[in-house]
Each structure stands twice: as structure tokens, then as C-alpha cells.
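A.B. asks: Quick one: sequence plus predicted model below, questions after.
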Amino acid sequence: MLARWLKFNAVGALGILVQLAALALFKSGLGIHYLWATALAVEVAVLHNFYWHIRWTWADRPAEFSETLARLLRFNLSNGLLSLTGNLLLMRLLVGTFDLPYLPANLLAIAATSIANFLLSEFLVFRRTL
């Protein structure tokens, strides 16, 4: 499980870069409100992470196409929803209330949901099938 946790975090580290780049593009580049930009950036990172998790982190648990689609749905409904909710709530608090810059605030929001996302992935999304 330690090796999988390390892989999960490696994918997550790349996902953080993807999310921050998308957030900067949506907020600063396109002028989208920081909460909408956050929601869009989270989904971009969720899709990025899912791809690498099926290819690398949980590559030892291959699945047919239909099961991969089911995993994508479970991933979005678990990790995606947790990440989206956690990011939006924490961004509202950190940026909207405490006036922190949006990129450092987003890093804190990502860190806050990391462990729960791993556990959801291990035991729900990429669970072993019989």
C-alpha cells in the first residue's frame, strides 16, 4: 500500500500543477470569477489524475471498458465531489474571507483533501473485483 500511496502522490503532484495552471488560465487569463475558475480547474485535474491512476497507480487492477467508465463515474462522484466541495469551501474562506492570494489558497485546499481522496480511490473507485 505504501508504493501505491507514493504513486498516488506523484500523480497528485502533477495534478496540482495541472490544477494551478488551469486555475491561473481561467482566473487571470480568461477573467473568470475565482470560484468558477476553481471548479473548472478541479475537474481538469480530476480527469488528468484519473487517467494516470488507471495507467500507473492502479495499473495492477485492469478493467474492461465498461468498468473503466464505471470507475470514472465513481472517481468523479467521490474524489471529484470531495475535491470540488473542499476546494470551493476552502477557497471561499481563504480568498473570500481572509483575502489570501488564490494560488497559495488553492494549494492549501488541495492538501486538505489528499488523504481522503486516496482512501476513496483505494477502497471505492479502484477496488479489487472478484
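C.D. replies: Done, it's in.
A.B. asks: who's in contact with the residue positioned nearest the centre of the chain?
C.D. replies: Ranked by distance to the mean C-alpha position of the chain (CA atoms, centre = their mean), the top residue is residue 46 at 4.1 Å. Neighbouring residues of residue 46 by CB atoms under 8 Å, 6 or more residues apart in numbering: 15, 75, 76, 79, 80, 83, 84. Bear in mind the C-beta positions are built from the backbone N, C-alpha and C, glycine included.
A.B. asks: Now render these as CSV, adding neighbour count and secondary structure.
C.D. replies: Output for the contacts of residue 46, formatted as CSV (neighbours: other CB atoms under 10 Å; DSSP: H, G, I helix; E, B strand; the rest coil):
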residue, neighbour count, secondary structure
15, 25, helix
75, 23, helix
76, 17, helix
79, 25, helix
80, 22, helix
83, 26, helix
84, 17, helix
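A.B. asks: Make TSV out of those residues and add pLDDT.
C.D. replies: Listed next are the contacts of residue 46 as TSV, based on pLDDT from 0 to 100:
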residue	pLDDT
15	97
75	96
76	96
79	94
80	94
83	95
84	95
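A.B. asks: which one of these is nearest residue 117?
C.D. replies: Closest approach between the contacts of residue 46 and residue 117, by CB to CB: residue 79, at 4.7 Å.
A.B. asks: you'd agree the closest one is up against residue 119?
C.D. replies: No - using CB atoms under 8 Å, residue 79 is not in contact with residue 119; the gap is 10.0 Å.
A.B. asks: how much space between residue 89 and residue 120?
C.D. replies: Residue 89 sits 17 Å away from residue 120, going by CB to CB, to the nearest Å.
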